[in-house]
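K.L.:
For reference, the sequence and a predicted model appear below.
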Amino acid sequence: MKPLGSIRRSFAPWADPAAKPYIVFENVSKVFGDFTAVDDLSLSIYEREFFALLGASGCGKSTLLRMLAGFETPTRGRILLDGQDLVGIPPYRRPVNMMFQSYALFPHMSVEDNIAFGLKQEGMPKAEIAKRVTEMLRLVKLEAFAKRKPHQLSGGQRQRVALARSVAKRPKVLLLDEPLGALDKKLREETQFELMDLQQDLGLTFMVVTHDQEEAMTMSDRIAIMDKGKVCQVATPAEIYEAPNSRFVADFVGSVNLFEGTVARREGSAAVIEGEGITIDTDNGSDAPAGAKVWYAVRPEKIKVSARAPEVMGPNTAEGEVWDIAYLGDMTLIHVRLPDGRVVRTSQLNRQRVVEEPLTWNDRAWISFARDSGVVLTR
Amino acid sequence: MAVEAAEAKIAPVSGTGKVDGGGFIQAVTSRLVIAVPYFWLLLFFLVPFFIVVKISLSQTAIAIPPYTPVFTASDGPSGWWANVREFSFDNYLWLTQDALYFNAYVTSVIIAAISTVLTLLVGYPIAYGMARAPQSLRPVLLMLVILPFWTSFLIRVYAWIGILKPEGLLNQLLLSIGLFSQPLVILNTYTAIFIGIVYSYLPFMVLPLYASLEKMDNSLIEAAQDLGCTPTAAFWKITFPLSLPGVVAGALLVFIPAVGEFVIPDLLGGSQTLMIGRTLWSEFFANRDWPVSSAVAVILLIILVAPIMYFQRAQAQAQEAGR
């Protein structure tokens, strides 16, 4: 095990008010014709951070990345890198490099020429270029493929060449546009960890655009969830998952059950919410005042499903029937239909090989969750 | 009967593969499809070519047709053999003895080469502009490139006479804006030939160039710029090398017909122009020397086979690289 894991855990410059952000998007907008791709967006990214922009296609995340690379000019706002305003600087003079979604490897050049390309533009001495190229090839484990042309490589190998080419110049920031999008699932999982190790080893700032939430959760220090050109939430993966700030974020990342209701009582941070057919008693009451309309979001794995009625039908419990079961091996998804027709999604970890009284379709079932399992959302 | 024979010939081939009943018919059909272009080439290229070769080995004669020997069905095998023994390479020898032919070949190749370079210089920016134009505009631009073909080639070359002659449109314009005091002599010079060839063959250069530039991934240029290339450097290091198959195709499509070009040098180049197309024409029509003009044509073909073979090799390489 690398000792870096522990460093990673303590890495949280965004929580330190004295830390200076490395990349700053200041009220940036980008308008194409009558389409606003990026809408008055502000964002701070710190040095050596692995930052992910997550969102559905068309949410403006790629445009944001391309503005940082210099391929698009912001319609309004400023982009600062290490205190320097980047607007007006052409892409070939920016200390950032990009790894393209299509890899954009030069088809008429060998792997080593592709990697050396940026270094040659810099006017680096030949001997030094050769040394750097060898180093890069070792880094991405492609020493044996130096003389090959891109079309003689597999998808995974091409991805690694693209990566080597984009980090060869030691950019201050590496931009990755859907870096793993073209790989199959297994290769993608392996490469995720390789990318994280690489980022740690080189000490670079990574900004990655992805639509794959698992990828973003695995790799990044922080994630920005984007929708319609705006940032919905910027937080660590755990915060995004456990404390989403809106229904959109809760629903976008992972699976969620939303119970609509009104705040009946508040005591400090605790609140009681009267929902349809269920009373929710929670200690993460947000700041919604009594009488406010709210949504209580609970992740499926935090809901317990039981075949027996609890002794007291208190708050945070409801009765229903098993509507759907999906056995996935490590866990089982059980959908419970409440009397009013709403379906509650739950997932149960299969801790035991053999369950004596397994639930089956149309069985009576009782769901319950603890006071701290969910969050109250006001929007 | 013929069908049976065809089947018998194909059956063992299909038997070696995993070809079932439906596959057999498919195999026959696919062979038929390939046979059509081969048959076409055999009938309309190879057979006429051998007729030309045969005439080039004959002797000129005052007769109809104007050469001997003439093969007729009534001669019988022994007569044909006697005819074959009359063949000689005298006409080819003759081509080496008169410097006129050698000079005509060399001049034609040089004129064609210069014209090809000029066409490339004019055509590349056009193709590049078309490939970078908005998607919606490209079909229109493509149409504009092809549009001159709607008018007869001959009429378009005649039109250039009207433009280039001493009292023509170009000179009127240049004189009226006071750029020159004397009309420029363009018509009946090599310049006029270059203008004519570049104008006439431009679409053959633009279309393959456009095809190779248009399919190029723009992210390659962005990647080059991202790695520190100015837009100019990115053009020379990425765009141009990747468009080379188009450059080669366009250059050959211009060079090959330009070498044998007759109409343009005849109409625009004046009487002193020494190009092989004109030499061939005057041997054939003015001298009525079919055997010598056939020999001229055969040698011309041999000269042109070299670039064609180079072209095919370049194509094969491009396909290899594209895989």
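P.N.:
It's in.

K.L.:
by contact count, what packs against the host helix or strand of A:E215?
P.N.:
Take DSSP states H and E as the rule and A:E215 turns out to sit in helix A:213-219. Helix A:213-219 sits against strand A:50-55, helix A:185-202, strand A:205-210, helix A:237-242, with contacts defined as 3 or more Cβ pairs under 8 Å, 6 or more residues apart in numbering or on different chains; DSSP states H and E. All C-beta spots, glycine's among them, are computed from the backbone N, C-alpha and C.

K.L.:
And the helix or strand just after the last one, what's buried?
P.N.:
Beyond helix A:237-242 on the C-terminal side, the first helix or strand identified by DSSP H and E is helix A:247-252. Along helix A:247-252, the positions that meet the burial threshold by neighbour count (16 or more other Cβ atoms under 10 Å in any protein chain shown) are A:247-250, A:252.

K.L.:
just to revisit the earlier point, enumerate the positions of the helix holding A:E215 that are buried.
P.N.:
Buried residues in helix A:213-219, counted by 16+ other Cβ under 10 Å: A:213, A:215-219.

K.L.:
The stretch 201-350 of chain A: strands as residue ranges?
P.N.:
Counting by DSSP state E, counting those that start in this stretch, the stretch 201-350 of chain A has strands at residues A:205-210, A:222-227, A:230-235, A:257-267, A:270-275, A:278-282, A:293-298, A:304-306, A:317-327, A:331-337, A:343-349.

K.L.:
Where do the helices of the stretch 51-200 of chain B begin and end?
P.N.:
Assigned by DSSP state H, counting those that start in this stretch, the helices in the stretch 51-200 of chain B fall at B:76-85, B:90-97, B:99-132, B:138-146, B:153-164, B:169-176, B:190-214.

K.L.:
Need the winner for burial among the ones you listed.
P.N.:
Greatest average neighbour count among the helices of the stretch 51-200 of chain B goes to helix B:190-214 (a mean of 22), per mean count of other Cβ atoms under 10 Å in any protein chain shown.

K.L.:
How far away from the center of its chain is that helix?
P.N.:
Between the centre of helix B:190-214 and the centre of its chain there are 12 Å (Cα atoms, centre = their mean, to the nearest Å).

K.L.:
cool, stretch A:154-166 as well?
P.N.:
A distance of 22 Å separates the centroid of the chain from that of stretch A:154-166, by Cα atoms, centre = their mean.

K.L.:
Check whether it comes near chain B.
P.N.:
Yes: with Cβ under 8 Å from any Cβ of the partner chain as the criterion, chain B is reached by stretch A:154-166 at A:165-166.

K.L.:
Pull up the residues of the stretch 101-250 of chain A that are close to chain B.
P.N.:
With Cβ under 8 Å from any Cβ as the criterion, the stretch 101-250 of chain A comes near chain B at residues A:101-102, A:104-108, A:117-118, A:121-122, A:149, A:151, A:165-166, A:169.

K.L.:
that older thread, quick one: contacts of the helix holding A:E215?
P.N.:
A:50, A:52, A:54, A:180, A:188, A:192-193, A:195-196, A:208, A:210, A:223, A:237, A:240-241, A:252-254 (Cβ atoms under 8 Å, 6 or more residues apart in numbering or on different chains).

K.L.:
Write the PyMOL selection for whichever of these are buried.
P.N.:
This is the PyMOL syntax for the buried subset of the contacts of helix A:213-219, where burial follows 16+ other Cβ under 10 Å:
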select buried, chain A and resi 50+52+54+180+188+192+195+196+208+210+223+237+240+241+252+253+254
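
K.L.:
Can you report how many residues neighbour B:P66?
P.N.:
Neighbours of B:P66 under the rule other Cβ atoms under 10 Å in any protein chain shown: 16.

K.L.:
separation between it and chain A?
P.N.:
B:P66 is 55 Å from chain A, where distance means Cβ to the nearest Cβ, to the nearest Å.

K.L.:
my guess is that residue meets B:F284, correct?
P.N.:
No: assessed by Cβ atoms under 8 Å, B:P66 is found out of contact with B:F284, at 10.0 Å.

K.L.:
Mind listing the shared neighbours of those two?
P.N.:
Counting by Cβ under 8 Å, 6+ apart, the residues touching both B:P66 and B:F284 are B:W290.

K.L.:
Output the strands of the stretch 201-350 of chain A as TSV; include the columns mean pLDDT.
P.N.:
Formatted as TSV, these follow (pLDDT from 0 to 100):
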stretch	mean pLDDT
strand A:205-210	92
strand A:222-227	91
strand A:230-235	90
strand A:257-267	84
strand A:270-275	80
strand A:278-282	82
strand A:293-298	87
strand A:304-306	85
strand A:317-327	87
strand A:331-337	89
strand A:343-349	89
